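S.K.: model the structure of this input:
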Amino acid sequence: MLPDLPWPSMTHRDSTSALVLAGWTPCGVGDWATGLRSPDGLWVARVCPFDPAYAAFLDLCRRRPGNPYLPRVAFDTPLDGGGTLAVLEFLTPLEPARAEEVARRWREGAGDAALDEVRQAAAAVDAEYRARLPWWDGIDLNPGNVRQALDGRIAVIDIFCMDGASLYGQVLKDADVVREKLPASRHLLDIPFIARESTPEEIRALQEAWSG
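M.R.: Predicted coordinates:
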């Protein structure tokens, strides 16, 4: 599936390049990560320069293997500088009305047994990460996080999040605080959201604060 490479010693840039050279095709860009689809179309690699909250989602998937509402995870590894690489089954967008219905049932605790199992496990993961991870924000299941697997199952993804506004505000205020609390986060300025949403002046201010 993946080239046999020393992934933990590679950065998110190295990993993305290696996947493209191996025939994986970029297929999406989120706020924190870039997705690349495998040559056979069955898998997607999520390459992220920085996203501590994603470890919580992978943790959730490990705790409830085989639950139909969670994607299959074929591989995951940390990357040099605080990034992550994960390979999951490919999921497609779900019709908006159906996605909203699943999100509503999640919010109301009115799902079937399998969805309730994921919701309860997610609450436990949320409590654990909230207690130990700075700038944790919690669970954010919205219709955009509800997808469909190739076999027709509905699955939820990326349901945990960081308080990005506070985190990057702290970088501008005193970057040493972030380095102390998140020592592996060398590439936290490389997330797609900053590149997509920031003005040149905002990018320069972050770079100066982070390197200062």
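S.K.: got the domain boundaries for the protein?
M.R.: Domain assignment for the chain by automatic domain parsing gives 7-162, 164-211.
S.K.: can you tell me the helix or strand for the residue positioned nearest the centre of the chain?
M.R.: For the chain, the residue nearest the mean C-alpha position is Tyr54 (4.2 Å; CA atoms, centre = their mean). Following DSSP states H and E, one finds Tyr54 within helix 52-63.
S.K.: buried residues in that helix, which are they?
M.R.: For helix 52-63, burial by neighbour count (16 or more other CB atoms under 10 Å) applies to 52-61. C-betas here are computed from N, CA, C, even on glycine.
S.K.: and the helices in the chain?
M.R.: 12-21, 52-63, 96-108, 113-132, 164-181, 192-197, 200-211 (DSSP state H).
S.K.: figure out which of these is closest to Asp76.
M.R.: helix 52-63 (5.5 Å; CB to CB).
S.K.: what helices or strands is that closest one leaning on?
M.R.: strand 73-78, strand 84-89, helix 113-132, strand 160-162 (3 or more CB pairs under 8 Å, 6 or more residues apart in numbering; DSSP states H and E).
S.K.: most tightly packed of the ones you listed?
M.R.: strand 160-162 (a mean of 24; mean count of other CB atoms under 10 Å).
S.K.: ok, that one: who's next to it in the sheet?
M.R.: strand 136-139 (antiparallel) (DSSP bridges).
S.K.: now the strand it pairs with, how far from the centre of its chain.
M.R.: Relative to the centre of its chain, strand 136-139 is centred 13 Å away, using CA atoms, centre = their mean, to the nearest Å.
S.K.: check stretch 173-190 too.
M.R.: On the basis of CA atoms, centre = their mean, stretch 173-190 sits 18 Å off its chain's mean C-alpha point.
S.K.: same question, stretch 41-57
M.R.: 4 Å.
S.K.: what do you get for stretch 94-109?
M.R.: The answer for stretch 94-109 is 20 Å, by CA atoms, centre = their mean.
S.K.: buried residues, that stretch. List them.
M.R.: Neighbour-count burial for stretch 94-109 flags 94, 99, 102-103, 106 (criterion: 16+ other CB under 10 Å).
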